[in-house]
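> Sequence first, predicted model second:
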Amino acid sequence: MMSILMTLVQTAARFMPDAKRDPLIDSHGYVGKPLDRVDGHLKVTGGARFAAEYALDDMVYAEPVFSTISKGKVRRLDTSVAKRCPGVIAVLTPHDMPRLKAPTLVDFSKLDKIAASNLPVFQDDRVYWNGQAVALVVAETHEQAQEAATKVHVEYDIEDSNVSFDANKARATMPKDVLGEPPEIKIGDAEKNLAAAPVRVDAVYRSPYYSHSAIEPHATIAVWEGDDKITVFDSTQFVEGYRNSLAHVFGIKPENIRVLAPFVGGGFGGKAGFWWNTVLAVAAAKIVKRPVKFALSREGVFRIVGGRTIAEQRVAIGATVDGHVQSLIHTGVTATPSHARYAEQCTFPTRHLYATDALHIAQYVVDLDMVANTWMRAPGESIGTFAVESALDELAVELRMDPIDLRRNVEPKRDPTKDNEFSSRHLLEAYERGAAKFGWAARNPQPRSQRDGSWLIGQGVATAYYPVLRLPGAARVRVNADGIATIHTAANEMGMGVATSQLQHAADRLGVPLQCIEFNYGDSEMPSSPMAGGSCQTVSIVASVRAAVEKLHRELLKLEQQDPASPLKRAKYDDIVARDRGLFLASEPSRGATYVDILRRAGKQHVEAEGTSAMPMEMMKYSMASYGAQFCEVRVNDITGEVRIARWLGSFDCGTVLNPKTAMSQLRGGIIMGIGMALTEEVLVDDRSGRIMNASLAEYHVPVNLDVPHIDILFNDIPDPHTPLGAHGIGEIGITGVAAAIANAVYNATGKRIRSLPITLDKLL
Ligand code: MOS
């Protein structure tokens, strides 16, 4: 039903006229300047406060007890010793809990509630995954809570569970949909074309379970006022989604709940879904009637918060000898527990990237008894590009064709599966600019042809891809009699530089200096804003601020026109431009009035407007994505198999760049995360017990400075005419294509094709 409706809407959208081109696309103000982040000083000096850093009067501390089995029942839970430990106030178990509703899984048609798992929290004695919380100690200090948590004695009735991906993948089934898209697409007969193709590659690519490892572990401080008002400081990337989820679980009106998250130390999708830690903190605060701080340890994040699913993907390509693709097949199996039902969209890049005569896409999921898997930076595209971009490189080798030439051959004119127009696609230009700067022409395609002592050197390339999304949202804009403007929207900043780029935009939109605006965010009481997720937040807020400013300008113009002597007396809204702190005639730039003058003459202290952005019809009409070309040089030790990244260049086609400095930082961050994904990161699960064996950063290796070379970033900087400011989101595209570029470079260096991440040295010996 849903999909029929979507098809109808999409068909209708194709015939809709485009929204008016944003005039700011062509102006040159603050937008596009590499400004320092406005909150940079606060962050490096410790002045920015993160969720766990609020010290409330009378606050107490919580620490969980994790289950040690993956499925079964808690038979006996002895808290008597723990309760006698110094400082302990309570040990919460399902018996002490208020009755709570189960959280609601994310619904993509609404995106209001947003749990990663729909298990009821502490409502019965069931255990669903190894590491699930089974008790929560609350004590006067964190150390006392930690000590007492070790004294809780738990006995289980163990039931058979499925925790091994390999042992269970054969029973994978096709999900109903993959993020609202069909799980399977067939164009022509791809298997038949493959069998008949003169040149073929057909391989299986593996990627492990990954964990987010944001610098700030998840943390919540919860305070109740009476029985029906809650304030929560949380490290969330979606204040409003958390508010609505809490309202649902605790049966309280959303307007009685306030979620605050002014600063968040990274999230990558791991703080978008709503997890047990937040529910437990709020429940504990209700029970002990004091503010409760529940800050997860690093181990706690691994056990309570899920990451990116393990995956196995097949990519097969059949081509003519001159590199015309006749068949493209991308199928994949990912894992998800039945309480999450999230099929990671690993085939999404292949749906939109390349021209082919026949195509077969299919996704399957296997349910495992494990913590809910969730979004993790470019969910789907990160591992999907590893598979398809490795396979394309394998095809280039078979064809004896340069991999960039191959990409020229397969560049489609229209979207291969949606058969619609691209809103803005300049991937080949990104390749050309990148290749020139990287020196790609000097590469020797022959494996093992470049050597420096015991180090083999190789270069690889891969396409980066991430869709462009926008969600409707609202913003409130006010100009005050002193000329200072304020903006309020419930946005989320987790390190991307939201305030900086939004101030740049608002300053240009209002025509005032940057210093004259305050941007307020991170509070669920502000006008609704989409999550910091899906790389959609920046353009979504730009659209809502634009809508609010338009309303404000209309209001100001009306006020101004009450004055019969006003130079704007007969002006229509479309005749004016905002600049020099006020409104002026576009045709006669010297005639107009400043905001301060308009307010003074109208005798007002301020004027305010709240605007809501339009539905994202452009997404239905066009195939919208960001693209990029990842270039990498590796050095692989011929004796030890050690892989070092020697050079990196990412060349991106992601619309107008609002702030090259923060944008480069975002993209570098994504590339660094991709280096970890490719070389070192892997959550290891004991197949006997479902226990995560390396739940710490000592044994789950994220890249450190010495693992990361200088990273060059290039931008096409070509505006997309169909997005606010011509911009695209850039939070996630950085990680895409990275693992494939590395695997392709490792092949060029060594002649060994590694199809299983991470590329550890044992695989190269
Ligand atoms: Mo992102 S995985 O949508 O935070």
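Yep, it's here.

> In the stretch 201-350 of the chain, which residue sits nearest the ligand?
Scanning the stretch 201-350 of the chain for the residue nearest the ligand gives residue 269, at 2.5 Å (criterion: Cβ to the nearest ligand atom). C-beta here means a position set from N, CA and C on the backbone, and glycine is covered the same way.

> and residue 527, what is it in contact with?
For residue 527, the residues meeting the contact criterion (Cβ atoms under 8 Å, 6 or more residues apart in numbering) are 473, 474, 475, 476, 488, 489, 490, 544, 610.

> For these, give me TSV that also has pLDDT and neighbour count.
As requested, the contacts of residue 527 are exported to TSV (pLDDT from 0 to 100; neighbours: other Cβ atoms under 10 Å):
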residue	pLDDT	neighbour count
473	96	26
474	98	20
475	98	32
476	98	20
488	98	22
489	98	30
490	97	27
544	97	30
610	98	18
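
> Reformat those residues as CSV; add distance to residue 594 and secondary structure.
As requested, the contacts of residue 527 are exported to CSV (distance: Cβ to Cβ, whole Å; DSSP: H, G, I helix; E, B strand; the rest coil):
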residue, distance to residue 594, secondary structure
473, 29, coil
474, 27, strand
475, 22, strand
476, 21, strand
488, 23, strand
489, 25, coil
490, 30, coil
544, 25, helix
610, 23, strand
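
> Just after the helix or strand of the chain with the lowest mean pLDDT, pick out the following helix or strand.
Of all helical and strand segments in the chain, the minimum by mean pLDDT, DSSP states H and E falls on helix 2-14, at a mean of 63. Beyond helix 2-14 in the direction of the C-terminus, DSSP states H and E gives the next helix or strand as helix 40-44.

> Show me what the helix or strand that that next one is followed by is packed up against.
With elements assigned by DSSP H and E, the helix or strand that comes after helix 40-44 is strand 60-66. The criterion is 3 or more Cβ pairs under 8 Å, 6 or more residues apart in numbering; DSSP states H and E, and the helices and strands that strand 60-66 contacts are strand 133-139, helix 142-149, helix 276-288, strand 292-295, helix 298-304.

> who wins for proximity to residue 50 among these?
strand 292-295 (9.7 Å; Cβ to Cβ).

> Domain ranges for this structure, per the record?
Using automatic domain parsing, the domains assigned to the chain come out as 51-160+212-304, 171-210+308-469+620-763, 471-615.

> Buried ones in stretch 112-128, by neighbour count?
Applying a neighbour-count criterion of 16 or more other Cβ atoms under 10 Å, the buried positions in stretch 112-128 are 112-122, 125-128.

> anything in it sitting right up against the ligand?
No: contact between stretch 112-128 and the ligand is absent, the nearest approach being 11.1 Å (criterion: Cβ under 6 Å from any ligand atom).

> Now do the contacts for the residue of the stretch 601-750 of the chain at minimum distance from the ligand.
Per Cβ to the nearest ligand atom, residue 732 is where the stretch 601-750 of the chain lies closest to the ligand, at 5.9 Å. The neighbours of residue 732, taking Cβ under 8 Å, 6+ apart as the test, are 377, 378, 381, 382, 466, 534, 535, 670.

> and these near the ligand, which?
Contacts with the ligand are made by 377, 534 out of the contacts of residue 732, judged by Cβ under 6 Å from any ligand atom.

> among the contacts of residue 732, who's most crowded?
Neighbours here mean other Cβ atoms under 10 Å. Within the contacts of residue 732, the largest count is held by residue 378, at 34 neighbours.

> I'd assumed residue 738 was in contact with that one.
No: with contact defined as Cβ atoms under 8 Å, residue 378 and residue 738 do not form a contacting pair (9.7 Å).

> shared neighbours of those two, which are they?
A shared contact of residue 378 and residue 738, defined by Cβ under 8 Å, 6+ apart, is any residue touching both; here these are residue 670.

> Across the sheet, point out what pairs with residue 519.
Legend: beta-bridge partners of residue 519 under DSSP bridges are residue 487.

> does residue 201 have beta-bridge partners, and which?
In this structure, residue 201 has beta-bridge partners residue 317, where bridges are defined by DSSP bridges.

> Could you check the pLDDT of it?
With respect to pLDDT, residue 201 has a value of 98.

> Just to check, it is in contact with residue 327?
No: assessed by Cβ under 8 Å, residue 201 is found out of contact with residue 327, at 10.5 Å.

> Need the residues touching each of the two.
Common neighbours of residue 201 and residue 327 are listed as 316, 317 (criterion: Cβ under 8 Å, 6+ apart).

> Looking at these two, which one has more neighbours?
residue 327 (25 against 22).

> Export only the CA atoms of the helix or strand encompassing the more buried one, formatted as CSV.
Assignment of secondary structure by DSSP H and E places residue 327 within strand 325-335. As requested, the backbone C-alpha atoms of strand 325-335 are provided in CSV (Å, rounded to 0.1, in the frame of the first residue of the first chain):
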residue,chain,number,x,y,z
VAL,A,325,28.4,-3.3,-18.8
GLN,A,326,25.8,-5.9,-19.8
SER,A,327,25.0,-7.2,-16.4
LEU,A,328,25.3,-5.8,-12.9
ILE,A,329,24.3,-7.9,-9.9
HIS,A,330,24.4,-6.8,-6.3
THR,A,331,22.9,-8.9,-3.6
GLY,A,332,23.6,-8.9,0.1
VAL,A,333,22.8,-10.4,3.4
THR,A,334,22.9,-8.3,6.6
ALA,A,335,21.9,-9.2,10.1
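
> which of the residues in it are buried?
Going by neighbour count (16+ other Cβ under 10 Å), the buried part of strand 325-335 is 325, 326, 327, 328, 329, 330, 331, 332, 333, 334, 335.

> Pairing partners for that strand, with directions?
Taking DSSP bridges as the criterion, strand 325-335 pairs within the sheet with strand 311-319 (antiparallel), strand 358-366 (parallel).

> In terms of secondary structure, what does the helix or strand encompassing residue 462 contact?
In the assignment (DSSP H and E), residue 462 maps to strand 455-467. Applying 3+ Cβ pairs under 8 Å, 6+ apart, we find strand 455-467 packed against helix 348-352, helix 381-399, helix 403-409, helix 427-438, strand 450-452, strand 625-637, strand 643-653, helix 738-750.
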